[in-house]
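**Student:** Sequence first, then the predicted structure, then my questions.
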Amino acid sequence: MIEALQFEFMRNALTAGLLAAIICGVIGTMIVVNRLVFLSGGVAHSAYGGIGLAFFLGWPYLLGATLFAFGSAMVMAAVSMRSKHRADTIIGVMWAVGMATGVLLLDMTPGYNVDLMSYLFGSILSVPTSDLIYMAVLGVALICFIGWYYNDLLIMSYDEEFAQVRGVRVKRLYFMLIGAVAVSIVIIVQVVGLILVIALLTIPPYIAERYTKSLFQMMVVSCVLGMLFIFGGLFGAYTYDLTSGAVIIFVAGLCFFLSMGFDKLMQMRERWLWLKAHEE
């Protein structure tokens, strides 16, 4: 793996992985604690329409995907705020229509054959330096947003009614959070693809939540786990010549089940010690 660093594409891949891990750790934590996994999945898949639109109009891929994902996210956020009992239906429809729109627009793009697999399952080994700059700028902006509104987001995440009593503008903050999620998804798409992006956003925070006692600790541990998963996945993909995005998620999923198994063993051990103490 060390000798591979002499290649620019591998250095770019590691840098993209580092940026994606930090973004996943911060934004993914907010997704998990606010129970936005399904909505985030809808945004991710509807963003495919933006990819198709970008190629059809000759725009940069990231511009089209960001605008489309952000617009879809605002619609989903509005629906979930006004009619929560129907939100899952609307999100599901936009999920499907966004994907279909993207495929149709790519089919109608004249003289251009797009590798659909690279967007569905990621292509971290082909991330150009220009996209790294875009990822870094947006990553810094997202982290600044979370840092500036950290206390308000903390209150809103765990007690929305108390947040309103404290004067937090919950509705505006919710829309801003969903917008941040949409932008984050577009950034991470190149690492693991649209199909697997939600796994990378949710698995590290879910594991971290079990072993941390504060939202900040959860973010930090999520970032570290994301780095381990991405770098481990890249190593496995490079060594065995496999699809990098799929290997990254496989590593994350394996660690997820191992953590669940470890927790179960600890519970069994505590129960056994409790029974033994009461028998004596």
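**Tutor:** That came through fine. Numbering: from 1, shown residues only.
**Student:** Now stretch 244-263 - C-alpha only, PDB.
**Tutor:** The C-alpha coordinates for stretch 244-263 follow below in PDB (Å, rounded to 0.1, in the frame of the first residue of the first chain):
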ATOM      1  CA  SER A 244     -13.400   0.400  -3.500                       C
ATOM      2  CA  GLY A 245     -16.800   1.700  -2.500                       C
ATOM      3  CA  ALA A 246     -18.200  -1.700  -1.800                       C
ATOM      4  CA  VAL A 247     -15.100  -2.800   0.200                       C
ATOM      5  CA  ILE A 248     -15.300   0.400   2.300                       C
ATOM      6  CA  ILE A 249     -19.000  -0.400   3.200                       C
ATOM      7  CA  PHE A 250     -18.200  -4.100   3.800                       C
ATOM      8  CA  VAL A 251     -15.500  -3.100   6.300                       C
ATOM      9  CA  ALA A 252     -17.900  -0.700   8.000                       C
ATOM     10  CA  GLY A 253     -20.700  -3.300   8.100                       C
ATOM     11  CA  LEU A 254     -18.300  -5.900   9.500                       C
ATOM     12  CA  CYS A 255     -17.300  -3.600  12.300                       C
ATOM     13  CA  PHE A 256     -20.900  -2.700  12.900                       C
ATOM     14  CA  PHE A 257     -21.900  -6.400  13.500                       C
ATOM     15  CA  LEU A 258     -18.700  -7.000  15.600                       C
ATOM     16  CA  SER A 259     -19.700  -4.100  17.800                       C
ATOM     17  CA  MET A 260     -23.200  -5.500  18.200                       C
ATOM     18  CA  GLY A 261     -21.700  -8.900  19.100                       C
ATOM     19  CA  PHE A 262     -19.300  -7.300  21.600                       C
ATOM     20  CA  ASP A 263     -22.100  -5.400  23.300                       C
END
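**Student:** in it, what's buried?
**Tutor:** 244-252, 255-256, 259 (16 or more other Cβ atoms under 10 Å). Glycine gets a C-beta too; all of them are placed from N, C-alpha and C.
**Student:** Stretch 72-84 now?
**Tutor:** The neighbour-count check on stretch 72-84 (16+ other Cβ under 10 Å) flags 72-73, 75-80 as buried.
**Student:** Likewise for stretch 155-173?
**Tutor:** By neighbour count on 16+ other Cβ under 10 Å, the buried set for stretch 155-173 is 155-157, 163, 168, 170, 173.
**Student:** Could you grab the helix/strand/coil label for G236?
**Tutor:** Put simply, G236 is helix when judged by DSSP: H, G, I helix; E, B strand; the rest coil.
**Student:** Quick one: residues contacting it.
**Tutor:** Going by Cβ atoms under 8 Å, 6 or more residues apart in numbering, G236 touches 242, 247, 250-251.
**Student:** if we go to 6 Å?
**Tutor:** V247 (Cβ atoms under 6 Å, 6 or more residues apart in numbering).
**Student:** Return the distance of it relative to V251.
**Tutor:** Going from G236 to V251 by Cβ to Cβ, to the nearest Å gives 7 Å.
**Student:** swap in F216?
**Tutor:** 25 Å.
**Student:** next one: I195
**Tutor:** I195 sits 16 Å away from V251, going by Cβ to Cβ.
**Student:** How about L173?
**Tutor:** In terms of Cβ to Cβ, L173 sits 34 Å off from V251.
**Student:** what distance separates stretch 264-278 from the centre of its chain?
**Tutor:** Relative to its chain's centre, stretch 264-278 lies at 36 Å (Cα atoms, centre = their mean, to the nearest Å).
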